[in-house]
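**Q** Make a model of this:
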Amino acid sequence: MIIVSGGIKGGVGKTLVATNLAVMSSLADRDVLLIDADDQESATDFTALRSERFGGDPGYTSIKLTGKAVRDQVLRLKDKYDDIIIDTGGRDTVSQRAALTVADILLVPFAPRSLDVWTFEHVEHLIEEMTPANPGLRAFAFINRADHQGSDNDEAAAFLQESDVLGFIPAYLGNRKAFATAVAEGLGVVEYKPKDKKAIHEVETLFRHLNEVTSVA
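**A** The predicted structure follows:
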């Protein structure tokens, strides 16, 4: 499967999602390619940290691509990997649009307190514009950096579920220190110690739902 972790708003955790999915897929004995298509190169930095920690082998292949090369190289490499995960920046870029022409799944994280109508409508418009180029593209939203209490999560979920363009994955990644600390050390949250059982359960729930979605693609 070719999965894009994307959207048009920065700071909602796209790289965190992409890197954790890459780690979990590799731990499931899948041959994974992680493509960093974000100008900030955060996924590349993560892989460098991971390679250093694990003696040069991060457990997956990682490359940096931008612009039209994202589409061209994915088309060339897609039969060589079980999963291709593409991390795009928090803007509507040529790189993201190129990725969406070849993706099976667009996964869009939304933080409940930063979710606004303009951002959501812009994501919907982007998907609608890309559909003619890739009729098989399916897009899903989920909540990242969920609050530990209060009504913001439920209100954001209700809003997201009203969309006719994005499906909703009922997985909530909490605003937990373990996620940020693990990424800063080149680890998936499932590998980080001491274990944060809640964080692990949250990312495993997202991974399970994503596998369910892709199994019927």
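**Q** who does the helix of greatest length in the chain touch, helix- and strand-wise?
**A** Ranked by residue count and defined by DSSP state H, the top helix of the chain is helix 197-215. Secondary-structure packing of helix 197-215 (3 or more Cβ pairs under 8 Å, 6 or more residues apart in numbering; DSSP states H and E): helix 14-27, strand 105-110, strand 138-146, strand 167-174, helix 177-184. Just so you know, the C-beta spots here come from the backbone N, C-alpha and C atoms, and that holds for glycine as well.
**Q** could you redo the last one with a cut-off of 7 Å?
**A** helix 14-27, strand 167-174 (3 or more Cβ pairs under 7 Å, 6 or more residues apart in numbering; DSSP states H and E).
**Q** wait, which of these is closest to residue 90?
**A** Taking Cβ to Cβ, helix 14-27 is the member of the helices and strands packed on helix 197-215 nearest to residue 90, at 6.6 Å.
**Q** Heading C-terminal from that closest one, find the next helix or strand.
**A** Tracing the chain C-terminally past helix 14-27 and defining elements by DSSP states H and E, one meets strand 32-37 next.
**Q** how far is that next one from where the chain is centred?
**A** Centroid separation for strand 32-37 versus its chain: 11 Å, with Cα atoms, centre = their mean, to the nearest Å.
**Q** contacting residues around that strand?
**A** 18, 22, 25-26, 43-44, 47, 60-66, 70, 77, 81-88, 95-96, 99 (Cβ atoms under 7 Å, 6 or more residues apart in numbering).
**Q** Please repeat the previous calculation with a cut-off of 6 Å.
**A** In this structure, residues lying in contact with strand 32-37 by Cβ atoms under 6 Å, 6 or more residues apart in numbering are 22, 25-26, 43-44, 60-65, 70, 81, 83-88, 95, 99.
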